[in-house]
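Enquirer: need the 3D shape of this:
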Amino acid sequence: MQPFLPEGFVTRDAAALLEVPPAAEITGLAAAYLNAYDCPEHPLGNPGLDAGEVSILVEPPILEPDPGLEPSLLDFYLPLHYGSPGTAFLRTLEDSGYAAASGTAEVSVPDPVAGATINTSVALSDAMGEVFRFVLATPVTTSTTGIVRLWHLTPSGPAAIELRFNEQPVGRGVILSCAIREESVAAEVIGTTACLPGGGLGLVFSPQGWQGEYRVFSGSKVVAGD
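Expert: The predicted structure is shown next:
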């Protein structure tokens with residue numbers, strides 16, 4: 001996945017994202033993350049947002065001069081963001097040079113049934129059709145607090161979609177099936193168009209309890225770490 005990252009961005013160990021045993025099976029591996037969200041209310045929407053991303057888990061980038069960023073929980077580099085067609089947020093990303101394209105999401109989370117595993121279906125489509133679709137089981141819910149940044153290097157400097165979570169409910173589940181369109185950015189980053197049952201983990205976030213903003217760090221540059 002390193003070839004998809006500009007200079008200064010480095011892949012981070014997948015264990016930082018997954019945090020599940022057995023650690024030996026994921027330690028030392030890079031992690032790609034496909035996500036889609038269809039939120040009636042979203043901190044970056046007006047009021048909702050229907051979008052998704054292809055992203056790579058990275059180490060927190062080092063910026064010079066240092067803009068004084070708060071420590072982050074997770075950082076991702078986005079080769080491509082899919083945004084709701086015609087929305088102000090998508091136009092903002094496109095105008096700043098953030099890699100963005102029109103896309104629509106489809107997220108289906110059934111009503112919970114006592115004692116049953118909830119299977120969640122997630123899909124993202126663009127003008128050429130479905131980019132990816134996956135089904136995951138989400139039997140375990142925990143909470144997350146911290147900052148997640150979604151980076152891209154724009155002509156004006158590094159930019160980040162910054163999301164702040166405060167005791168955010170997060171469901172973690174095994175991916176049951178997935179399909180990724182051939183020759184899509186997602187397939188290029190992941191390196192496959194399918195996955196084996198149980199071959200990955202998925203996260204499900206509630207649309208409530210978090211904040212977001214888009215920041216461009218003009219005049220700063222990403223430098224290599226030690």
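
Enquirer: SS state for the nearest residue to residue 222 once chain neighbours are set aside?
Expert: The spatially closest residue to residue 222, leaving aside those adjacent along the chain, is residue 8, at 3.2 Å (C-beta to C-beta, 6 or more residues apart in numbering). For glycine as for every other residue, the C-beta is placed from the backbone atoms N, C-alpha and C. Here residue 8 takes the coil state, with states given by DSSP: H, G, I helix; E, B strand; the rest coil.

Enquirer: gap between residue 210 and residue 13?
Expert: For residue 210, the distance to residue 13 equals 25 Å [C-beta to C-beta, to the nearest Å].

Enquirer: what's the answer for residue 66, then?
Expert: 24 Å.

Enquirer: which one of these two is surrounded by more residues?
Expert: residue 13 (16 against 9; other C-beta atoms under 10 Å).

Enquirer: what about the helices in the chain?
Expert: Assigned by DSSP state H, the chain shows helices spanning 15-18, 88-96, 185-190.

Enquirer: for residue 61, find the nearest of the ones you listed.
Expert: Of all the helices of the chain, it is helix 15-18 that lies closest to residue 61, at 14.7 Å by C-beta to C-beta.

Enquirer: let me see the mean pLDDT of the closest one.
Expert: Averaged across helix 15-18, the pLDDT comes to 65.

Enquirer: where does the protein have low pLDDT?
Expert: For the chain, the stretches flagged by pLDDT under 70 are 16-29, 41-47, 110-118, 138-140, 196-201, 205-209, 225-226.

Enquirer: swap the cut-off to 90 and go again
Expert: By pLDDT under 90, the low-scoring segments of the chain are 1-4, 11-53, 73-74, 83-92, 104-122, 134-146, 163-178, 190-213, 219, 224-226.

Enquirer: who touches the closest residue to residue 92 other than its chain neighbours in this structure?
Expert: Among residues not flanking residue 92 along the chain, residue 214 sits closest, at 6.2 Å (C-beta to C-beta, 6+ apart). Shown in contact with residue 214 (C-beta atoms under 8 Å, 6 or more residues apart in numbering): 44, 89, 92-93, 96, 159-162.

Enquirer: dump those to a markdown table, plus distance to residue 179.
Expert: Formatted as a markdown table, those follow (distance: C-beta to C-beta, whole Å):
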| residue | distance to residue 179 |
| --- | --- |
| 44 | 28 |
| 89 | 27 |
| 92 | 31 |
| 93 | 26 |
| 96 | 32 |
| 159 | 31 |
| 160 | 30 |
| 161 | 26 |
| 162 | 31 |
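
Enquirer: now, among those residues, which is nearest to residue 203?
Expert: Checking the contacts of residue 214 against residue 203 with C-beta to C-beta, the nearest one is residue 161 at 16.5 Å.
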